[in-house]
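>>> okay, here's the prediction I keep looking at, along with the sequence it came from:
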Amino acid sequence: MSTTRKRVYGYLAEFESATALYAAAEKIRDHGFTCWDCYSAYPIHGLDTAMGLKRSILPWFVFCGGLTGMATAFTLAYTTQVVIYPTVVQAKPANLFTLPAFFPILFELTVLFSGLTVLFGLLALIRLPRLNHPLFESHQFHRVTDDGFFIAIEAMDPQFNREQTRDLLAQIGGSSIELVEED
Amino acid sequence: MAQHHVTSADIALHGDHLQSATVSKAKSIAMRVAAVGIVISMYLLFFAPEKIRGCYAYSWLFAFYFFLSLSIGGCFWTLLHNVTNSGWGTSVRRTFENLGSTYPWMFLFALPLLCPNVQQYLYEWMNLQRAATGNVQEFLQHQNSLLDHKYGFMNLPFWYARVIFWGFSLSLVIIGLRRLSVAQDTDPLPGTARLLKARFHSTYTLILFALTVTFTGYDFLLGMDYKWFSTMWGVYLFGGSALNSMAVIILVCAWLKSLGHLKHVTSDEHFHIMGKLLLAFTIFWAYISFSQAFLIWYANITEETSYFLIRNTGHWNTAMITLIIGHFVVPFVILLQAWMKRSSKALSILAGYMLCMHVLDHYLITIPVRGISLGNIKPDVFGDIQTSIPWAFWGDVLAFVTVGAAFLFFLLRALGQHSLYPNRDPRILESSNFSN
């Protein structure tokens, strides 16, 4: 007999189809849950509004990243090409008004910094990479990459209640409801 | 997301028709303005004192090509929609077709430009060739080596043949596609045959479209200065044309929606997509126009730099800088925001603004050449070369209002002819329930 104490992660419920998942998500949203998520093998259009998700703040990170890239490129090109060592070709001047000559650099670094901000900002926001997830404890959850549609409500949620949350999941059409515990 | 899932019960069985009473007044006013304007324009182009005739030829070219670019863009979006097999745009496709269907009418405004009396002020190369005695090519060999090298492309018979071909070919394409699309509205067994047929015929005609937008630009605009050349010219005009015809489409769709049409079938999602296309082409236009300027600046060849020297002299320079900021920086930053693209009202304001910038763009393409070319071609009448001819501005306004009123008339006429969306298209429900 095991005596190790396990921490409750939350309830996992399976749904029949994407449509059922969508409808269930709307109801959970309306109940005011905050720590929960939907799991499916493919993106479902409009599920973010059904879940009541707000727009990501990632675009603002990217905007700042892009501006940083542009500023970097400007400093780099201006310092080297105007201040330190002006390259005179065909008697063309090198000053602030020849800025268009630096546009390719400005453009490239803006794109590069934006792209890197997208990648690392996204990874940070979705908290990846991580080595494990409590839901992997559940056996039925393995089907999520194949044909399973799941909703998991975390025990962290202030609204979480051992009986009521289970009843709610059953009531909105969830089956194989399981209390997932992590080691 | 639409408020509820749109089903076939929400689709108008016999089509969504524009009430003729709502537009008849605007249509008749536009028609009268255009008719009066055309009469005055014909006087100014053919019978007025020479000084006015010369200046007004440029005004006419500017107004004609501006509105032609919007029509050409309508053809482009129709063809692109068909060929990409896209589902989202079915509920706004008829607006693409209606805008495109003004092309044959707008091309009629090229007729004055086919007359030697008008051409003599616009196209110096034609004057040089018309003045030739005996064999034109032999004459050019001795007189004008550059024009002699370009003779294979720049000769009068080929120029006329090309212009007529551009006028007829794309007209046939857009009339054919629109007919095919409209026939489905009343067919009790619509099926997919017409859709597949439209898709098939949009492939090779897309090449025809590319040739038309490129070479109308070469024949009418680039020909003003036969010494200048730019391989990006066609793409540059295409960028502006696709961008601003999308602006017109947004304005038309928002207007129709405010009248209570396109109900159920269009939502914020469609405006979101059209806003995205507007953003994409704002960037595309900037990319192309910068590349053109950059390559010319970089290579520093006398014949090429003339384009920017003319437009960076005097107050034209202010206008050019305004164009960079107004045509790219401002709309780019505004359109980055998603809420902006989803609100039909905010997007229409921006679309209207884009069109104003397009006017400036085309004004800067055509008009700065006027003072220089006229001084070159007939110094005895027009005096010395000038950067601009101040009073000629009012001619530009008149030509713009004339052609613009005609454009509005033909667009409203096209909108009133058939259902405002393809109500029996197999993809109409897919398009109505579309979500980004």
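Now that the structure is in, tell me what you want to look at.

>>> return the residues in contact with residue B:169.
B:208, B:212 (CB atoms under 8 Å, 6 or more residues apart in numbering or on different chains). Using the backbone N, CA and C atoms, a C-beta is placed for each residue, glycine as well.

>>> and it, how far is that from chain A?
37 Å (CB to the nearest CB, to the nearest Å).

>>> nearest residue to the residue in the stretch 251-400 of chain B that chain A sits nearest to other than its sequence neighbours?
Ranking the residues of the stretch 251-400 of chain B by distance to chain A (CB to the nearest CB) places residue B:300 first, at 5.4 Å. Leaving aside its chain neighbours, residue B:300 sits nearest to residue A:90 (5.4 Å; criterion: CB to CB, 6 or more residues apart in numbering or on different chains).

>>> does the one you found count as helix, strand or coil?
With DSSP: H, G, I helix; E, B strand; the rest coil as the basis, residue A:90 sits in coil.

>>> surely it touches residue B:299?
No: in this structure, residue A:90 is not within contact of residue B:299 by CB atoms under 8 Å, at 9.4 Å.

>>> more neighbours: which of the two?
residue B:299 (10 against 7; other CB atoms under 10 Å in any protein chain shown).

>>> can stretch B:325-341 be found next to chain A?
Yes: residues of stretch B:325-341 are located near chain A by CB under 8 Å from any CB of the partner chain, namely B:336, B:338.

>>> buried residues, that stretch. List them.
B:326-328, B:330-331, B:334-335, B:340-341 (16 or more other CB atoms under 10 Å in any protein chain shown).

>>> next, count neighbours for the closest residue to residue B:109 other than its chain neighbours.
Spatial nearest neighbour of residue B:109, chain neighbours left out: residue B:64 (4.6 Å); criterion: CB to CB, 6+ apart. Residues lying near residue B:64 (other CB under 10 Å) number 24.

>>> for residue B:64, give me the pLDDT.
pLDDT, residue B:64: 97.

>>> so what's it up against?
Residue B:64 makes contacts with B:106, B:109-110, B:113, B:220, B:399, B:403, as judged by CB under 8 Å, 6+ apart.

>>> domain map for chain A?
A:7-53+A:131-182, A:58-125 (automatic domain parsing).

>>> contacting residues around residue B:305?
Residues in contact with residue B:305 (CB under 8 Å, 6+ apart) are B:296-297.

>>> quick check: which element contains it?
Applying DSSP states H and E as the criterion places residue B:305 in helix B:302-311.

>>> check whether the very next helix or strand once past that helix comes near chain A.
On the C-terminal side of helix B:302-311, the closest following helix or strand by DSSP H and E is helix B:316-324. No: counting by CB under 8 Å from any CB, no contacts exist between helix B:316-324 and chain A, the nearest distance being 9.6 Å.

>>> buried residues in helix B:316-324, which are they?
Buried residues in helix B:316-324 (16+ other CB under 10 Å): B:316, B:319-320, B:323.

>>> before we move on, what about stretch B:199-211?
In stretch B:199-211, counting by 16+ other CB under 10 Å, buried: B:201-202, B:205-206, B:208-209, B:211.

>>> those: which two are farthest apart?
Distance extremes for the buried residues of stretch B:199-211: the farthest pair is B:201 and B:211 at 16.1 Å, using CB to CB.

>>> how about the residue nearest the centre of chain B, nearest residue that isn't a chain neighbour?
For chain B, the residue nearest the mean C-alpha position is residue B:69 (0.9 Å; CA atoms, centre = their mean). Nearest residue to residue B:69, sequence neighbours excluded (CB to CB, 6+ apart): residue B:241, at 4.0 Å.
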